[in-house]
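>>> here you go, sequence then predicted model.
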Amino acid sequence: MNNLTDADEHIENLFELHWSIISIFFKGFDESFKLPEGLNFTHMKTAMTIFFHGPMTMSEISKRLALEKGSFTPVASRLISGGYVRKERSREDKRVYKLALTESGEELTERLRTAHNQYIQSMLDRLNADEQKEYFEDIVRLNVLNEKIKKGGS
């Protein structure tokens, strides 16, 4: 039998939360959504990141997706060559390029969002309305606390 400390249990719970969210809301969807030829779900996560946060540098995107910059370059290149993303100069600093969605990229993220929202709702239908509301309130609270932790408190 393991003699887990409180810290060990906290780590175990963090892993369990991470994997259960991926398993419930992403893994099954990834297996059911038909991607365009040559694209994988790292490409989709990249497009969705740009959709939700607007044009971003490759460094910003790779950090948000927890990918090494070198691993992200082929992802960005494939999206650019496929016509889903374009490079544009930053308005703030002309030396910096940001990745932005093209019209094709916007159409793809719209299809992805619609299908993913339907999939998520099918998972949430296993909860009653009060449980669904509470679930998302808790997620918002966790996101707020995570931001506070990242920024160092206050």
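In hand now; what should we look at?

>>> burial count for the residue lying closest to Tyr135 once chain neighbours are set aside?
Distance criterion C-beta to C-beta, 6 or more residues apart in numbering; nearest residue to Tyr135, sequence neighbours excluded, is Leu127 at 6.4 Å. Backbone N, C-alpha and C define where each C-beta goes, glycine included. Per other C-beta atoms under 10 Å, the neighbour tally for Leu127 reads 12.

>>> list phi and psi for Leu127.
phi -110, psi 150 (degrees, to the nearest 10).

>>> closest to the centroid, which residue in this protein?
In the chain, the centroid-proximal residue (C-alpha atoms, centre = their mean) is Lys45; its distance is 5.1 Å.

>>> helices and strands around the lowest-mean-pLDDT helix or strand in the chain, which ones?
Ranking every helix and strand in the chain by mean pLDDT, DSSP states H and E puts helix 28-32 at the bottom, with a mean of 84. Contacting helix 28-32 under the criterion 3 or more C-beta pairs under 8 Å, 6 or more residues apart in numbering; DSSP states H and E are the following elements: helix 103-124.

>>> could you say what helices and strands the helix it packs on packs with?
Secondary elements touching helix 103-124 (3+ C-beta pairs under 8 Å, 6+ apart): helix 28-32, helix 41-53.

>>> using TSV, please lay out these together with distance to Tyr119.
Shown next, in TSV, are those (distance: least, C-beta to C-beta, whole Å):
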stretch	distance to Tyr119
helix 28-32	4
helix 41-53	13
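
>>> just the CA trace of the least confident helix or strand of the chain, in PDB.
Presented in PDB, the C-alpha positions along helix 28-32 are these (Å, rounded to 0.1, in the frame of the first residue of the first chain):
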ATOM      1  CA  GLY A  28     -13.600  11.000 -28.100                       C
ATOM      2  CA  PHE A  29     -14.200  14.100 -30.200                       C
ATOM      3  CA  ASP A  30     -10.800  13.900 -31.800                       C
ATOM      4  CA  GLU A  31     -11.600  10.300 -32.900                       C
ATOM      5  CA  SER A  32     -15.000  11.300 -34.400                       C
END
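
>>> buried residues, it. List them.
Phe29 (16 or more other C-beta atoms under 10 Å).

>>> and what of stretch 53-62?
Buried, per 16+ other C-beta under 10 Å, within stretch 53-62: 55-56, 58, 61-62.
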